[in-house]
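Engineer: Predicted model and sequence below, questions to follow.
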Amino acid sequence: MKTFTRLLLFMSNHFFLIIADGTPISAERLHTLAEGRKLIALDGAANYLRSLNLTPEFILGDMDSITPETKSHFTSQRVAFIHTPRQDATDLEKAILYCRENNAASIHIVSALGRRTDHTLGNLSFLKKYHTPASPLHCFTETEEIIFVQDARAIIGGETGSRVAVLGFMKCTVKSTGLVYEMNGLPLELGASESLSNALASPHAAIEVAGDALIISEARSLALTQKL
């Protein structure tokens, strides 16, 4: 893929929040997730940000869904538009690559699921495709957080009873501590076996993944630690 021109010329690390054009999350949830992060709106998502009086650092995409009113509004605020008409990558992929080229310490993604099944499945696959521990990807819905884990440990913190699920993506073996249904070398494989409807048995839990997995949690925090 062709690389993007850098707009951030200073070299410090950045924390990004990409707002995709899928099912919107609530204004309260978005404001919370936006704290301390540079916002990147994907095309039509800029319309939603304008309605919430939120201003992105950049608007990225082929600009086929943004309204003229929104474009005029953010142009007057000197928001940068990154026009990426190439069709060999989705807007979300382009945004992830852009963040990585601009010193992304971490990338959070919202509104990437829902509306279209192909986009939902594709966007989940990007968590694996663009996985790197040095610049982790986290996907958020209104109530959940999703991460891809590869041969690493995930730490979960939240209220007892918060739901947790682990899916092989494609295949893994899992050990856990702090869950209602503990896993001790449990093999998981997409389309064959999975761990659904589990929950925190205590305010903190750890999940060790040997292989590739998606972890889905409604707990307060979900983070990767050291490689196994």
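Structural biologist: Yep, it's here.

Engineer: C-alpha only now, for contacts and for neighbours.
Structural biologist: Noted.

Engineer: Residue 56 and residue 39, how far apart?
Structural biologist: 5 Å (Cα to Cα, to the nearest Å).

Engineer: Over to residue 127?
Structural biologist: 19 Å.

Engineer: Then residue 93?
Structural biologist: Going from residue 93 to residue 39 by Cα to Cα gives 15 Å.

Engineer: what residues does stretch 136-150 touch?
Structural biologist: 25-26, 29, 105-113, 127-128, 130-131, 209-219, 222, 224 (Cα atoms under 8 Å, 6 or more residues apart in numbering).

Engineer: And the buried ones among these, selectable in ChimeraX?
Structural biologist: A single ChimeraX command is used to select the members of those judged buried by 16 or more other Cα atoms under 10 Å:
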select :25,105,106,107,108,109,110,111,112,113,127,128,130,131,209,210,211,212,213,214,215,216,217,218,219,222,224
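
Engineer: Of residue 93 and residue 39, which one has the most company?
Structural biologist: More neighbours surround residue 39 than the other of residue 93 and residue 39, with 22 against 16 (other Cα atoms under 10 Å).

Engineer: Assign that one to one of the three secondary structure states.
Structural biologist: strand (DSSP: H, G, I helix; E, B strand; the rest coil).

Engineer: Now do the domain split for this structure, please.
Structural biologist: Here the domain parsing of the chain from automatic domain parsing is 14-142, 146-227.

Engineer: Please compute how far the shortest one lies from its chain's middle.
Structural biologist: Computed by Cα atoms, centre = their mean, to the nearest Å, the separation of domain 146-227 from the middle of its chain amounts to 17 Å.

Engineer: starting at the chain centroid, how far to stretch 48-59?
Structural biologist: On Cα atoms, centre = their mean, the centre of stretch 48-59 falls 18 Å from that of its chain.

Engineer: Can you give me the first-to-last residue distance of it?
Structural biologist: 12 Å.

Engineer: count of neighbours near residue 202?
Structural biologist: Neighbour count of residue 202, defined by other Cα under 10 Å: 17.

Engineer: wait, what's in contact with it?
Structural biologist: Residue 202 sits in contact with 159-161, 178-179, where contact means Cα under 8 Å, 6+ apart.

Engineer: Residue 162 now?
Structural biologist: The contact partners of residue 162, taken as Cα under 8 Å, 6+ apart, are 199-200, 217-219.

Engineer: Alpha carbons only: can I get the helix or strand where residue 72 lies in PDB?
Structural biologist: Taking DSSP states H and E as the criterion, residue 72 maps to helix 68-76. The C-alpha trace of helix 68-76 is given here as PDB (Å, rounded to 0.1, in the frame of the first residue of the first chain):
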ATOM      1  CA  PRO A  68     -21.600  19.500   2.500                       C
ATOM      2  CA  GLU A  69     -22.700  21.200   5.700                       C
ATOM      3  CA  THR A  70     -20.300  19.100   7.800                       C
ATOM      4  CA  LYS A  71     -17.500  19.600   5.300                       C
ATOM      5  CA  SER A  72     -18.000  23.400   5.400                       C
ATOM      6  CA  HIS A  73     -18.200  23.400   9.200                       C
ATOM      7  CA  PHE A  74     -14.900  21.500   9.800                       C
ATOM      8  CA  THR A  75     -13.200  23.400   7.000                       C
ATOM      9  CA  SER A  76     -13.900  26.600   8.900                       C
END
